[in-house]
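**Student:** Just need the structure, nothing else, for what follows:
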Amino acid sequence: MGVYDDVHRASQDDPEAFWLAAAAAIDWTAPPTRALDAANPPFHRWFPDAELNVCHNAVDRHVAAGRGEQPAIVHDSPVTGSVRRITYAELQDEVARFAGVLAGLGVGRGDRVVVYLPMIPEAAVAMLACARLGAVHSVVFGGFAPKELAARIDDATPAVVVTASCGIEVARVIEYKPLLDAALDLATHRPAHCVVLQRPQATATLGERDVDWAAAVATAVPHDCVPVRATDPLYILYTSGTTGKPKGVVRDGGGYAVALAWTMPNVFAVGPGETMFTASDVGWVVGHSYIVYGPLLVGATSVLYEGKPVGTPDAGQFWRVVQDHRVRSLFTAPTAFRAIRKEDPDGTLLARYDISSLRQLFLAGERLDPETHRWAGERLGVPVIDNWWQTETGWPIVANPAGIELLPVKPGSPTRPMPGWDVRVLDPAGRPVPPGVDGAIVLGLPLPPGALPTLWNDDERYVASYLSAFPGCYLTGDGGHVDEDGYVFVMGRTDDVINVAGHRLSTGGLEEVLAAHPDVAECAVIGVADGLKGQVPRGFVVLKAGVERDEHELAAELVQLVREQIGAVASLREVAVVPALPKTRSGKILRRTMRGIADGVDEPVPGTIENVAVLDALRPILRR
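**Tutor:** This is a model prediction of the structure:
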């Protein structure tokens with residue numbers, strides 16, 4: 001029994017003592033006297049009698065401790081050819097001033113602010129300014145189309161939206177203000193103000209409700225940190241739901257701060273003054289946890305990267321960032337490494353850079369295939385640490401804890417559960433399955449600090465989506481198994497949410513767009529395995545009776561519709577016109593069977609199939 005076993009067992013045997021001890025890493029205005037409030041199951045709350053301010057913990061306390069001149073954020077932007085270093089003292093000033101801007105616009109404790117920004121320091125500033133006021137931020141990934149942004153605005157009902165004039169992609173500038181204006185035209189909720197940061201690559205025309213970021217900050221009165229209850233929401237982050245309506249995952253401040261402060265030294269092996277490079281986006285949970293809050297909570301330096309793993313300008317940029325900023329831990333998605341490997345299979349670009357500062361590579365967001373794991377390990381010469389978690393959990397459920405004890409690696413497994421997580425695998429009847437047997441992966445309740453306590457304004461959907469399938473357990477929606485050594489193997493989604501390059505997308509939402517085309521009678525979208533992105537969606541449509549269309553022309557129209565309504569992130573490139581879709585006798589489309597055939601898996605055909613001939617006719621198309 002090693003150190004890991006002792007730590008994990010302690011978290012299971014006495015979670016109250018374990019998490020109260022972990023809470024000592026946080027500054028509290030009213031320290032917790034107890035860890036867990038389980039009086040209203042399944043709505044468990046952590047540190048119910050405590051108060052804190054998360055922004056103070058991430059910024060101000062490091063300045064007070066004499067670390068003000070240390071870099072807090074390094075903005076490395078190959079798309080603009082610039083690097084900017086922001087010290088903790090400078091960050092404190094910027095955040096306090098922008099908090100003053102928001103307060104001047106009427107934002108206070110509990111109010112919501114939607115943040116729709118590219119990968120620039122102001123995104124972190126806006127998030128931290130909300131936390132400073134006790135307001136609730138909801139960051140929306142800049143690549144989302146107006147319809148998706150409007151849905152989030154209507155659900156969160158923000159007092160203010162914060163945006164920029166543009167974002168910068170590999171070969172183009174994307175103007176954000178027209179997208180926001182289109183979203184507000186679609187939305188029923190109207191925020192009182194929109195704060196707009198003007199970037200030189202494209203300036204926006206401001207309207208009556210718009211406020212210029214620079215002008216407002218120039219006259220703002222800096223605002224102090226506002227203490228809030230540990231159980232108050234810090235942010236809302238939307239994730240895809242199988243119904244097509246996004247789910248607003250709520251994150252409370254106290255539990256989240258404790259959990260992240262624990263993971264930084266113990267899982268990611270990063271401490272004060274060390275540098276972490278998380279190549280993600282602040283619009284995703286990885287960006288929230290390990291670009292902004294996690295590194296800053298422990299006084300580390302966080303690299304905020306505005307670029308791509310390839311193409312800005314080449315596949316060596318990650319290695320340049322590691323060299324230039326002496327990065328200790330690199331965290332990204334397997335998709336990024338598949339893209340780098342495709343462009344530079346022999347590591348020629350890697351050889352140009354000194355990456356001797358790098359101690360670990362962390363990969364998460366989708367299943368890490370063994371070949372990518374092997375290639376990364378051989379090229380970098382450091383431990384490659386797979387980890388599995390979700391938007392809902394906020395931090396890794398399963399990982400290899402680099403700061404406690406590096407466990408032996410089994411490619412295909414993210415290793416073993418982290419403290420606080422009770423991972424189980426159940427059959428459809430809710431019975432535990434033997435080691436090595438696939439089933440539904442669930443988490444025993446209560447979930448540890450940092451996990452979602454509920455969905456925004458929708459307790460009923462929270463219970464229905466996550467807690468109803470297996471009493472006393474949270475349903476992850478992933479399937480897999482645990483082997484005889486306790487290693488968890490996550491094999492894929494059990495619902496109709498697909499994972500495209502780490503981005504979870506609802507096939508139901510994609511189907512909704514395809515079905516809206518006037519020529520389409522019915523449709524199905526499945527996620528098929530892709531060597532680069534993990535999964536990509538493929539669409540299949542049945543035309544209405546009497547409609548005759550050029551299939552290539554129709555496919556182009558449907559792809560464009562998805563791009564407009566979901567966004568380019570959906571990566572839908574293929575739509576096939578088929579005579580019929582295979583179904584069960586009850587009318588359920590056999591998506592799982594279709595996906596298996598497309599992936600080359602010998603997927604059993606259910607006995608309830610209505611017409612085998614329809615499936616047989618579809619096989620050659622699926623196998624293309």
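**Student:** Got the confidence number for Pro334?
**Tutor:** Model confidence at Pro334, given as pLDDT, is 85.
**Student:** now swap in Gly596 and tell me
**Tutor:** 87.
**Student:** ok, and the closest non-adjacent residue to it?
**Tutor:** Once flanking residues are discounted, Gly596 sits nearest to Glu603: 2.6 Å by CB to CB, 6 or more residues apart in numbering. All C-beta atoms are positioned from the backbone trio N, CA, C, and that covers glycine.
**Student:** just Arg416 next, same as before
**Tutor:** In space, and not counting its chain neighbours, Arg416 is closest to Gly486: 5.2 Å by CB to CB, 6+ apart.
**Student:** Compute the number of surrounding residues for the one you found.
**Tutor:** 16 (other CB atoms under 10 Å).
**Student:** Could you measure from it over to Ala21?
**Tutor:** 24 Å (CB to CB, to the nearest Å).
**Student:** Please, where are all the helices along the stretch 401-550 of the chain?
**Tutor:** Secondary structure of the stretch 401-550 of the chain (DSSP state H, counting those that start in this stretch): helices at 459-462, 507-515.
**Student:** Same list (these) but as CSV, adding mean pLDDT.
**Tutor:** Converted to CSV, the helices of the stretch 401-550 of the chain look like this (pLDDT from 0 to 100):
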stretch, mean pLDDT
helix 459-462, 96
helix 507-515, 79
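**Student:** Make sure I have this right: Ala123 is in a helix.
**Tutor:** Yes: counting by DSSP: H, G, I helix; E, B strand; the rest coil, Ala123 is part of a helix.
**Student:** Identify the single longest helix in the chain, thanks.
**Tutor:** As assigned by DSSP state H, the longest helix anywhere in the chain is helix 88-104.
**Student:** That helix packs against which elements?
**Tutor:** Based on contacts counted as 3 or more CB pairs under 8 Å, 6 or more residues apart in numbering; DSSP states H and E, the elements that helix 88-104 packs against are strand 71-77, helix 121-133, helix 213-218.
**Student:** does the residue nearest to Gly596 really touch Pro582, like I thought?
**Tutor:** No: contact criterion CB atoms under 8 Å: Glu603 and Pro582 do not qualify, at 11.5 Å.
**Student:** returning to that earlier point: restricting to C-alpha, output the longest helix of the chain in PDB.
**Tutor:** Extracted C-alpha coordinates of helix 88-104, given in PDB (Å, rounded to 0.1, in the frame of the first residue of the first chain):
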ATOM      1  CA  TYR A  88       0.200  39.800  -9.400                       C
ATOM      2  CA  ALA A  89       0.300  43.500  -8.400                       C
ATOM      3  CA  GLU A  90      -0.600  44.500 -11.900                       C
ATOM      4  CA  LEU A  91      -3.400  41.900 -12.000                       C
ATOM      5  CA  GLN A  92      -4.700  43.100  -8.700                       C
ATOM      6  CA  ASP A  93      -5.000  46.700 -10.000                       C
ATOM      7  CA  GLU A  94      -6.600  45.600 -13.300                       C
ATOM      8  CA  VAL A  95      -9.100  43.400 -11.600                       C
ATOM      9  CA  ALA A  96     -10.000  45.900  -8.900                       C
ATOM     10  CA  ARG A  97     -10.600  48.600 -11.600                       C
ATOM     11  CA  PHE A  98     -12.700  46.400 -13.800                       C
ATOM     12  CA  ALA A  99     -14.700  45.300 -10.700                       C
ATOM     13  CA  GLY A 100     -15.300  49.100 -10.300                       C
ATOM     14  CA  VAL A 101     -16.500  49.300 -13.800                       C
ATOM     15  CA  LEU A 102     -19.000  46.500 -13.300                       C
ATOM     16  CA  ALA A 103     -20.200  47.900 -10.000                       C
ATOM     17  CA  GLY A 104     -20.700  51.300 -11.700                       C
END
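**Student:** Which positions in that helix come out as buried?
**Tutor:** Under the neighbour-count criterion of 16 or more other CB atoms under 10 Å, helix 88-104 has 88-103 buried.
**Student:** repeat for stretch 392-405
**Tutor:** 392-404.
**Student:** to the chain's geometric centre, what's the distance from that stretch?
**Tutor:** Here stretch 392-405 shows a centroid-to-chain-centroid distance of 15 Å under the convention CA atoms, centre = their mean, to the nearest Å.
**Student:** got it, and stretch 512-530?
**Tutor:** Worked out by CA atoms, centre = their mean, stretch 512-530 lies 25 Å from the chain centre.
**Student:** What of stretch 478-489?
**Tutor:** 23 Å.
**Student:** how long is that stretch end to end?
**Tutor:** End-to-end distance for stretch 478-489, by CA to CA, to the nearest Å: 10 Å.
**Student:** Show residues contacting that stretch.
**Tutor:** Contacts with stretch 478-489, where a contact means CB atoms under 8 Å, 6 or more residues apart in numbering, come from 388, 398, 410, 412-417, 423, 425, 433, 435-441, 490-494.
**Student:** Trp213 contacts Gln198, correct?
**Tutor:** Yes: counting by CB under 8 Å, Trp213 sits close enough to Gln198 to count as a contact (7.1 Å).
**Student:** Settle it for me: which of the two has more neighbours?
**Tutor:** Trp213 (20 against 17).
**Student:** For the nearest residue to the more buried one once chain neighbours are set aside, give its distance to Leu206.
**Tutor:** Leaving aside its chain neighbours, Trp213 sits nearest to Leu197 (4.0 Å; criterion: CB to CB, 6+ apart). Leu197 sits 11 Å away from Leu206, going by CB to CB.
**Student:** And these two? Which one has more around it.
**Tutor:** Leu197 (22 against 14).
**Student:** Quick check: that one touching Ala164?
**Tutor:** Yes: counting by CB under 8 Å, Ala164 is a contact partner of Leu197 at 4.3 Å.
**Student:** Residues that sit against both of the two, list them.
**Tutor:** Leu117, Ile120, Glu122.
**Student:** Quick check: phi and psi at Leu452.
**Tutor:** Per-residue torsions, Leu452: phi -60, psi 140 (degrees, to the nearest 10).
**Student:** Would you mind checking the average pLDDT for stretch 206-215?
**Tutor:** For stretch 206-215, mean pLDDT rounds to 97.
**Student:** That one: end-to-end distance?
**Tutor:** Taking CA to CA, stretch 206-215 runs 13 Å from one end to the other.
**Student:** Could I get the contacting residues of the residue lying closest to Met119 once chain neighbours are set aside?
**Tutor:** Nearest non-adjacent residue to Met119, counting by CB to CB, 6+ apart: Glu306, 4.1 Å away. By CB under 8 Å, 6+ apart, the contact set of Glu306 is His75, Asp76, Ser77, Pro78, Val79, Thr80, Pro118, Met119, Ile120, Ile168.
**Student:** thinking again about what came up before, could you single out the nearest of the shared contacts of Leu197 and Ala164 to Thr312?
**Tutor:** Nearest to Thr312 out of those is Ile120 (CB to CB; 14.8 Å).
**Student:** Wait, that closest one touches His75, no?
**Tutor:** Yes: at 6.6 Å, Ile120 counts as touching His75 under the criterion of CB under 8 Å.
**Student:** Now for the two: what residues contact both?
**Tutor:** Joint contacts of Ile120 and His75 (CB under 8 Å, 6+ apart) are Leu304, Glu306.
**Student:** Show me what Arg416 is bridged to.
**Tutor:** Ala399 (DSSP bridges).
**Student:** What average pLDDT does stretch 418-425 get?
**Tutor:** Stretch 418-425 comes out at a mean pLDDT of 97.
**Student:** Dump that stretch to CSV, restricted to CA.
**Tutor:** Backbone C-alpha positions of stretch 418-425 (Å, rounded to 0.1, in the frame of the first residue of the first chain) are rendered in CSV as follows:
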residue,chain,number,x,y,z
MET,A,418,-8.6,10.9,-6.9
PRO,A,419,-9.5,11.6,-3.3
GLY,A,420,-13.1,12.2,-2.7
TRP,A,421,-14.3,10.3,-5.8
ASP,A,422,-16.2,7.0,-5.2
VAL,A,423,-16.1,5.5,-8.7
ARG,A,424,-18.3,2.5,-9.4
VAL,A,425,-19.4,0.5,-12.5
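**Student:** All set now, cheers.
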